[in-house]
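Asks: model this:
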Amino acid sequence: MALLGKEARPSIENMIIEKNKVVVVDYKLQKDNAQGELVEETTGGEPLKFIFGIGMMIPGFEAELEGKKSGDEVAFQVHSEDAYGEYEDEALIDIAIENFQVDGKVDYDNLKLGQMITMQDMQGGVHRGVIKKVGLDKVQVDFNHPMAGQDLFFTVNVREVREATESELDHGHVHE
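Replies: Alright, predicted model coming up:
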């Protein structure tokens, strides 16, 4: 078996973003457009690392990064339908207060407006929501994603693109 010379090995610098590649980026996320409110930024901190094309990222984000390579910088808007979806009024649910009992009593001190809660449905599915209203007989919980209905604007610097390892693909996430 002959060893390949260095020139025959694929260069990480030339690797493009496509399915099953590990992508490492710095990004800035703003609401609506480049002048919008800053939501979060990774520059100067821990970069975002993900496996491209396996459903880890919002569709519009991946669509804009596909085909890019290490060193590329891009800025783009992702409309809500290609991000976290439209806001759905049906996801604002009134839940009977009895569902919040612990040892037969409702602990109202732990039911605060704006609090993120996790609930399980009858099929075992887990859902995260935000408490919007607490009444005597029901609690209103919003199960929409906090960014639902929101257009997003990203400024992205692609730091690295590489092959995902077999183990990373099996586990569905990037290993350090």
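Asks: could you use CA atoms for every contact and neighbour count after this?
Replies: Fine.
Asks: surely I131 meets M116?
Replies: Yes - I131 is within contact range of M116, at 6.6 Å (criterion: C-alpha atoms under 8 Å).
Asks: so between those two, which is more surrounded?
Replies: Under the criterion of other C-alpha atoms under 10 Å, the comparison of I131 against M116 puts I131 first, with 20 against 15.
Asks: for this protein, give me the ranges with low pLDDT.
Replies: Filtered on pLDDT under 70, the chain yields the residue ranges 1-13.
Asks: where along it do the strands fall?
Replies: Counting by DSSP state E, the chain has strands at residues 21-31, 38-41, 48-51, 73-78, 92-96, 101-102, 105-106, 116-120, 126-134, 138-142, 152-163.
Asks: those: which one's closest to E176?
Replies: Of all the strands of the chain, strand 48-51 sits nearest to E176, with 9.4 Å by C-alpha to C-alpha.
Asks: elements contacting the closest one?
Replies: Counting contacts by 3 or more C-alpha pairs under 8 Å, 6 or more residues apart in numbering; DSSP states H and E, strand 48-51 is packed against strand 21-31.
Asks: alpha carbons of the strand it packs on, in PDB - could you do that?
Replies: The C-alpha coordinates for strand 21-31 follow below in PDB (Å, rounded to 0.1, in the frame of the first residue of the first chain):
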ATOM      1  CA  LYS A  21     -18.900  18.300   7.200                       C
ATOM      2  CA  VAL A  22     -18.000  19.800  10.500                       C
ATOM      3  CA  VAL A  23     -18.300  23.600  10.300                       C
ATOM      4  CA  VAL A  24     -16.800  26.000  12.800                       C
ATOM      5  CA  VAL A  25     -18.000  29.600  12.600                       C
ATOM      6  CA  ASP A  26     -18.100  32.900  14.400                       C
ATOM      7  CA  TYR A  27     -21.400  34.700  14.000                       C
ATOM      8  CA  LYS A  28     -23.300  37.800  15.000                       C
ATOM      9  CA  LEU A  29     -27.100  37.400  15.100                       C
ATOM     10  CA  GLN A  30     -29.400  40.400  15.000                       C
ATOM     11  CA  LYS A  31     -33.200  40.800  14.700                       C
END
